[in-house]
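Asks: fold the following and give me the result.
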Amino acid sequence: MRVNAKEWLEQVYPLTDDILVNTLQLDSRYVQSKDVFLAIPGVSQHGKDYIEQALKNGAALVLTDSGHYEDARVLVLPQLMQQLPALAARFYQTPAAEMTLVGITGTNGKSSTAFFINQLAQQLKRKAQVIGTLGYGDFNQLTPLANTTPHFVDIQAILAQAKAKQADLVALEVSSHALAQQRLAGIQFNVAVFTNLTRDHLDYHGSMAEYGAAKALLFDSAMCQAAVINVGDEFGHQLANKVNLPCIVYGTPEQCRGFKRFLAYSDVVATPTGFTFIISSKDERHSLRLPLLGEFNIQNVLAAIASMQSLGYDLATLVKAAEQLTAVPGRMEQFVCDNEFTAVIDYAHTPDALEQALVSLKMHSSSHIWCVFGCGGDRDKGKRPLMGQAAEKYADHIIITADNPRSEDALSICQDIAAGISADASYQIEPNRQAAIKLALTTAQPDDIVLIAGKGHETVQIIGQQQLNYDERAYVQQLVTELSV
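Replies: Below you'll find the predicted structure:
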């Protein structure tokens, strides 16, 4: 795109010449000819330190908030940080009235909820996209991102791309860091969603109280118009009682008691490939057959349905659409071998996440649970035996293998994991990850579930200094197809 900087800045800076510029950049390393570099304060550095580099890279203009510069291309706007949200929206021509935004915050479930909103919208013939941990764009074809929640300048650029593809609904993961650092300035959400709050990021926030307070910032009327809140979570229950916004809560009937608008789930029956349950509101009651594993996904789907309800969609229509939902790539994603076993790929790579995944799969299993997993090299060694303990506690068969060994010896990492497993437990060590997966899938019996944990959606494996192409999802699909013949 080309923007006339004279017209764009006319309300804040009087340029005399017409200057055509391409895009706004926050990182001087990415500046190219005709770009605008925004030299603004960061978390630990100020962009002013990189003005010279940006100019060398071809910046047509630099905007900053202080200092004196001889180069006419450097414009000093003392109120830049207050003006920038509106400037970014004007530059990318993304007025709030033309975009419907759903912001999702919480420790877990943000990616899944965003994906489910994207899918529901598309089934209802509305073009939608996501922004989050796995990237941005249509959920089927994502462009990677450096941060779960980009800076508001980059968000405006992404929204402009979505608009160019006729998408007008975007589900955006909102991290606590982004809220605390005001990286969402000027972004107005039609709906804000809270999923849950568990221990995380205390190295940054300092305490659970501060972590929760950062999440709660999203539910101010200055940032959102309506709320969807999980009242099965203790912090969520408190939040729902405090918000001064139109609100739909979700949880079990007991958890939703006392709230005027709610979505409750009950009568849950686990099947080999998902759940059947009742979803109810004050005035409606529907049966839903959900093709997703893990009870936490019931909650994520309720969050997505409630979000779409807040946007005016009919509950019965949404329930019907939810029966067609598919898992987030690499998150409890099923690969079914006809009349045999089910392979499940999940990103779980901590003891708690591995335990939750295995416990969830127990609900769906009528036979044995296999667990194929490893631990990353050059990372927390203390969690290795804990991962082994979790696997032994909840899996019937264990195959320990490599994850991303990096500079460490893969066999040594496997042995560290095995140190947490009882000597008489059923486990094997196979450092070659593909060989370990093939061993599990060719040995599994009918109705077994094979959890392959750790890599999830990733498409590389780091061995030594090399990043080798390795798409676990494609590999497992290939094996399952071969074994189904």
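
Asks: nearest the middle, which residue of the chain would you pick?
Replies: residue 111 (3.0 Å; CA atoms, centre = their mean).

Asks: sticking with it, tell me its helix or strand.
Replies: helix 110-123 (DSSP states H and E).

Asks: name the helices or strands packed onto that helix?
Replies: strand 100-105, strand 128-132, strand 169-173, helix 295-310, helix 315-322 (3 or more CB pairs under 8 Å, 6 or more residues apart in numbering; DSSP states H and E). C-betas here are computed from N, CA, C, even on glycine.

Asks: from residue 297, how far out is the closest residue to residue 327 other than its chain neighbours?
Replies: Leaving aside its sequence neighbours, residue 327 sits nearest to residue 333 (CB to CB, 6 or more residues apart in numbering; 4.4 Å). From residue 333 over to residue 297 the distance is 11 Å, taken as CB to CB, to the nearest Å.

Asks: which residues do the two both contact?
Replies: residue 327 (CB atoms under 8 Å, 6 or more residues apart in numbering).

Asks: look up how far residue 176 lies from the spatially closest residue to residue 180 that is not a sequence neighbour.
Replies: Using CB to CB, 6+ apart and skipping residues adjacent in sequence, the residue nearest residue 180 is residue 214, 4.5 Å away. According to CB to CB, residue 214 and residue 176 sit 4 Å apart.

Asks: neighbour count: those two, which is higher?
Replies: Legend: neighbour count by other CB atoms under 10 Å for residue 214 and residue 176, higher for residue 176 (26 against 21).

Asks: is the more buried one in contact with residue 105, as I believe?
Replies: Yes: judged on CB atoms under 8 Å, residue 176 makes contact with residue 105 at a distance of 7.1 Å.

Asks: list the residues that contact both of the two?
Replies: residue 215.

Asks: what segments of the stretch 101-250 of the chain are helices?
Replies: 110-123, 152-164, 176-180, 202-205, 208-216, 234-242 (DSSP state H, counting those that start in this stretch).

Asks: thinking again about what came up before, minimum distance to residue 463: which of the helices and strands packed on helix 110-123 has it?
Replies: strand 128-132 (28.2 Å; CB to CB).

Asks: one step back: mind putting the helices and strands packed on helix 110-123 into a markdown table with distance to residue 376?
Replies: Output for the helices and strands packed on helix 110-123, formatted as a markdown table (distance: least, CB to CB, whole Å):
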| stretch | distance to residue 376 |
| --- | --- |
| strand 100-105 | 27 |
| strand 128-132 | 22 |
| strand 169-173 | 23 |
| helix 295-310 | 24 |
| helix 315-322 | 35 |
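
Asks: and the ones you listed as CSV, adding distance to residue 447, mean neighbour count and mean pLDDT?
Replies: Listed next are the helices and strands packed on helix 110-123 as CSV, based on distance: least, CB to CB, whole Å; neighbours: other CB atoms under 10 Å; pLDDT from 0 to 100:
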stretch, distance to residue 447, mean neighbour count, mean pLDDT
strand 100-105, 35, 26, 96
strand 128-132, 34, 26, 96
strand 169-173, 35, 26, 97
helix 295-310, 20, 25, 96
helix 315-322, 26, 18, 97
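
Asks: minimum distance to residue 189: which of those has it?
Replies: So among the helices and strands packed on helix 110-123, strand 100-105 is nearest, using CB to CB, at 4.1 Å.

Asks: what does the closest one rub up against?
Replies: So strand 100-105 is in contact with 110, 113-114, 117, 132, 168-176, 179, 184, 187-195, 215, 218, 223-224, 303, 307, 311, going by CB under 8 Å, 6+ apart.

Asks: which among the residues you listed end up buried?
Replies: Buried residues within those, counting neighbours by 16 or more other CB atoms under 10 Å: 110, 113-114, 117, 132, 168-176, 179, 184, 187, 189-195, 215, 218, 223-224, 303, 307, 311.

Asks: doesn't residue 284 make contact with residue 264?
Replies: No: contact criterion CB under 8 Å: residue 264 and residue 284 do not qualify, at 10.8 Å.

Asks: and those two? Which one has more around it.
Replies: The neighbour count for residue 264 versus residue 284, taken as other CB under 10 Å, is higher for residue 264 (24 against 12).

Asks: where's that one, which helix or strand?
Replies: Assigned by DSSP H and E, residue 264 falls in strand 262-271.

Asks: tell me the strands beside the helix or strand following that strand, with direction?
Replies: Next in sequence after strand 262-271, counting helices and strands by DSSP H and E, comes strand 274-280. Using DSSP bridges, strand 274-280 pairs in its sheet with strand 262-271 (antiparallel), strand 285-290 (antiparallel).

Asks: among those, which comes closest to residue 29?
Replies: So among these, strand 285-290 is nearest, using CB to CB, at 44.4 Å.

Asks: next, the nearest residue to residue 355 once chain neighbours are set aside: secondary structure please.
Replies: Ranked by CB to CB, 6+ apart and with sequence neighbours excluded, the top spatial neighbour of residue 355 is residue 390, at 4.3 Å. Residue 390 falls in the helix class when you classify it by DSSP: H, G, I helix; E, B strand; the rest coil.

Asks: then the one 3 residues further on?
Replies: Following three-state DSSP, residue 393 is assigned to helix.

Asks: what's the distance between the nearest residue to it once chain neighbours are set aside and residue 28?
Replies: Of all residues not flanking residue 393 in the chain, residue 355 sits nearest, at 7.3 Å (CB to CB, 6+ apart). Note on residue 355: its distance to residue 28, by CB to CB, is 44 Å.

Asks: neighbour-wise, which of these two wins?
Replies: Set side by side, residue 355 and residue 28 show more neighbours around residue 28, with 22 against 18, by other CB under 10 Å.
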